[in-house]
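K.L.:
this is a predicted model, with the sequence first.
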Amino acid sequence: MTATRRLTEAEWRTVEEETARRPQVSRQPGDAGEGADGQPEGARERVNRRWQEVLQETRVAQTGVQILFGFLLSLAFTARFRELGGFDRGLYVVTIILAASSTAALIAPVSLHRCLSGLRLKEEVVIAAGRLMVCGMVLLALTVACTLMLILNVVLGGALAAGIVVGAVMLWFALCWYVTPYRLRRKALTRPQYGGRR
């Protein structure tokens, strides 16, 4: 485990000077690694940009998980809920726990920022927030899977049919959320500016 400490003003200047001395990669206007003035971004600008990106992603994910969580909480108070069997009730409990865990992971970056604000730990906060976002998205996908299983088991009248549909939907989630970004990332890393082959 590594210790984390604050960077002093002098250390930030050193990081920015070293960044400025590195050979610059040719970029197109508007690339993520370019500042507003068209110059390559410094270490601080990069961390600030990455933090803003995490906040935007968090806003989108939080909205979805909060709506789903609210829907799930309301189910326990419906008349039909009392008619559910043991499997469905157990699945409901697992789904609620997953939704609560997803909510916690997706809101955690805000708490991290608030608790560590002013300590010059933004880069560490960005890294931790990114990991929490990935964890929250996995938990959200599992929440959606369990919610679908719960609903489709009642609608279709059997766990097998519901399981097949849920499996197909989860394959789609995996393709959209993980496989496609991973393939695009691998393709981008083979570009010459990242040291890959042409």
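P.N.:
Sure thing, it's come through.

K.L.:
pull the helix or strand with minimum mean pLDDT from the chain.
P.N.:
Least confident helix or strand, the chain: helix 9-21 with a mean of 64, by mean pLDDT, DSSP states H and E.

K.L.:
what's the helix or strand for the most centrally placed residue in the chain?
P.N.:
Nearest to the mean C-alpha position of the chain, counting by CA atoms, centre = their mean, stands Met133 at 2.8 Å. Using DSSP states H and E, Met133 sits within helix 122-156.

K.L.:
rewinding a little: following the least confident helix or strand of the chain, which helix or strand comes up?
P.N.:
Next along the chain after helix 9-21, taking DSSP H and E as the criterion, comes helix 43-75.

K.L.:
using neighbour counts, pick out the buried residues of that following helix.
P.N.:
Going by neighbour count (16 or more other CB atoms under 10 Å), the buried part of helix 43-75 is 43-47, 49-51, 54, 57-58, 61-62, 65, 68-69, 72, 75. Placement of C-beta: from N, CA and C, glycine included.

K.L.:
let me know the outermost residue of the chain.
P.N.:
Glu83 (36.0 Å).

K.L.:
against Leu140, how distant is Ala168?
P.N.:
Here Ala168 is placed at a distance of 18 Å from Leu140 (CB to CB, to the nearest Å).

K.L.:
show me what contacts Val165?
P.N.:
Leu148, Leu152, Leu156 (CB atoms under 8 Å, 6 or more residues apart in numbering).

K.L.:
which non-adjacent residue is nearest Gln62?
P.N.:
Nearest non-adjacent residue to Gln62, counting by CB to CB, 6 or more residues apart in numbering: Leu106, 5.2 Å away.

K.L.:
ok, that neighbour - contacts?
P.N.:
Thr58, Ala61, Gln62, Val65, Leu132, Met133, Gly136, Met137, Leu140.

K.L.:
go again with 6 Å.
P.N.:
The contact partners of Leu106, taken as CB atoms under 6 Å, 6 or more residues apart in numbering, are Ala61, Gln62, Val65, Gly136.

K.L.:
could you work out the most separated pair of these?
P.N.:
Using CB to CB, the two most remote members of the contacts of Leu106 are Gln62 and Gly136, lying 8.8 Å apart.

K.L.:
now do stretch 172-188: distance from first to last residue.
P.N.:
23 Å (CA to CA, to the nearest Å).

K.L.:
average pLDDT for that stretch?
P.N.:
Taken as a whole, stretch 172-188 has a mean pLDDT of 92.

K.L.:
quick one: buried residues of it?
P.N.:
For stretch 172-188, burial by neighbour count (16+ other CB under 10 Å) applies to Phe173.

K.L.:
likewise stretch 87-100?
P.N.:
The neighbour-count check on stretch 87-100 (16+ other CB under 10 Å) flags Asp88, Leu91, Tyr92, Thr95, Ile96, Leu98, Ala99, Ala100 as buried.

K.L.:
off-centre distance for the one helix or strand the second one maps to?
P.N.:
Assigned by DSSP H and E, Leu91 belongs to helix 86-116. Put simply, helix 86-116 sits 13 Å off its chain's centre (CA atoms, centre = their mean, to the nearest Å).
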